[in-house]
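Visitor: return atomic coordinates for the entry below.
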Amino acid sequence: MVASRRNYKKEYANYHSKPAQKANRASRNTARRTVKKTGTSVAGLDVSHRNGNPRDNRRKNLSLKPASQNRSYARTRNARKRNPYA
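Guide: Modelled structure (predicted):
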């Protein structure tokens, strides 16, 4: 089976250019800056939103995790993590 080439332009047009996705991306960047301002090194780690809401940037909702842990939980339709240990 030959893997087809990924069409980034189409992917951006269909998903990443939507206003809601732009807001989520901006909020994730804000979360990363928030954690950096505390003096914590974020190199090689993801900023995890404990409740799974990328727009909830309260400091108590943010934690640092390796990408393998932060991206390993199944999501529900409303983007909440199905993780009882978050």
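Visitor: burial count for the nearest residue to T38 once chain neighbours are set aside?
Guide: The shortest distance from T38 to any non-neighbouring residue, by Cβ to Cβ, 6 or more residues apart in numbering, is to R59 (7.7 Å). Every C-beta, even on glycine, is put in place using the N, C-alpha and C of the backbone. R59 sits with 11 neighbouring residues when counted by other Cβ atoms under 10 Å.
Visitor: R59 and A13, how far apart?
Guide: Taking Cβ to Cβ, to the nearest Å as the measure, R59 falls 35 Å from A13.
Visitor: and if you look at A43?
Guide: As judged by Cβ to Cβ, A43 and A13 stand 32 Å apart.
Visitor: which helix in the chain runs the most residues?
Guide: helix 19-37 (DSSP state H).
Visitor: list the helices and strands it packs on?
Guide: For helix 19-37, the elements it packs on are strand 46-49, strand 62-65, judged by 3 or more Cβ pairs under 8 Å, 6 or more residues apart in numbering; DSSP states H and E.
Visitor: okay, now the unreliable bits of the protein?
Guide: Residues of the chain meeting the criterion pLDDT under 70: 1, 73-86.
Visitor: kindly recompute the last result at 80.
Guide: Counting by pLDDT under 80, the ranges of the chain that qualify are 1-3, 52, 70-86.
Visitor: thought V47 was touching A67?
Guide: No - using Cβ atoms under 8 Å as the test, V47 is too far from A67 to be in contact (10.7 Å).
Visitor: of these two, who's got more company?
Guide: V47 (22 against 11).
Visitor: JSON lines for the helices and strands packed on helix 19-37, including distance to N29?
Guide: Below are the helices and strands packed on helix 19-37 laid out as JSON lines (distance: least, Cβ to Cβ, whole Å):
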{"stretch": "strand 46-49", "distance to N29": "9"}
{"stretch": "strand 62-65", "distance to N29": "13"}
